[in-house]
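S.K.: sharing a model prediction with you, sequence too.
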Amino acid sequence: MYKGSCLCGVITFEVVGKLGSADACHCIQCRKWTGHFLPSTEVPRSALSIRGGENLSWYCSSEKARRGFCAQCGASLFFDPLDQKKHNWIGISLGAFDTPTETKLSLHIFVAEKGDYYEIDDGLPQKEH
């Protein structure tokens, strides 16, 4: 089991089972939402339980996804595809986990939109979109 929380602790979550491989999204939306890029992992919806959900706010960032954050401290927590019939997973920001994640980044995505103030030089595969 993996545990995590927002910065102020009013939202906590647990994930049962192993975490999937992680990716780092460099799209403009993720950069603006987090202040940099977003490293996250996808888990089955059924594996995630959230406490303090009344403090969770959702922003519909596109026709395809919404982003969950703490209404108190603003911590970026969840990336949720809106087509739940097609996507039985939810993305969780790796920085929100309190315990070791036992996962590693495996891929960089949307690198065509990355910021000009950093380089990606860790040798991992990169996808333009």
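M.R.: Structure's in. What do you need? This structure is a prediction, so every number in the text was calculated from the model and none was measured. Numbers count the residues shown, from 1 in each chain.

S.K.: tell me who's in contact with residue 26.
M.R.: Counting by Cβ atoms under 8 Å, 6 or more residues apart in numbering, residue 26 touches 37, 108, 109, 110, 111, 113, 114, 115, 120. Bear in mind the C-beta positions are built from the backbone N, C-alpha and C, glycine included.

S.K.: now those residues: which count as buried?
M.R.: 37, 108, 109, 110, 111, 113, 114 (16 or more other Cβ atoms under 10 Å).

S.K.: can you tell me what sits against the helix or strand hosting the second one?
M.R.: So the one you mean is residue 108. For residue 108, the host element (DSSP states H and E) is strand 105-109. Identification of contacts with strand 105-109 by Cβ under 8 Å, 6+ apart yields 21-27, 39, 120, 122, 124-127, 129.

S.K.: pick out the lowest-pLDDT one from those residues.
M.R.: Across the set of these, residue 21 stands lowest in pLDDT, at 86.

S.K.: and it, how far from residue 54?
M.R.: According to Cβ to Cβ, to the nearest Å, residue 21 stands 32 Å off from residue 54.

S.K.: same question, residue 3
M.R.: 19 Å.

S.K.: what are the ranges of the strands in the chain?
M.R.: 2-5, 12-15, 22-25, 38-44, 48-51, 56-60, 65-70, 76-81, 89-93, 105-109 (DSSP state E).

S.K.: tabulate those (CSV), appending distance to residue 99.
M.R.: Formatted as CSV, these follow (distance: least, Cβ to Cβ, whole Å):
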stretch, distance to residue 99
strand 2-5, 5
strand 12-15, 10
strand 22-25, 15
strand 38-44, 13
strand 48-51, 14
strand 56-60, 20
strand 65-70, 19
strand 76-81, 15
strand 89-93, 12
strand 105-109, 18
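
S.K.: hmm, back to that, the more surrounded of residue 3 and residue 54?
M.R.: Taking other Cβ atoms under 10 Å, residue 3 and residue 54 do not tie; residue 3 has more neighbours (12 against 9).

S.K.: ok, that one - contacts?
M.R.: Residue 3 touches 12, 13, 14, 15, 97, 98, 99, counting by Cβ under 8 Å, 6+ apart.

S.K.: and stretch 30-49, end to end?
M.R.: 23 Å (Cα to Cα, to the nearest Å).
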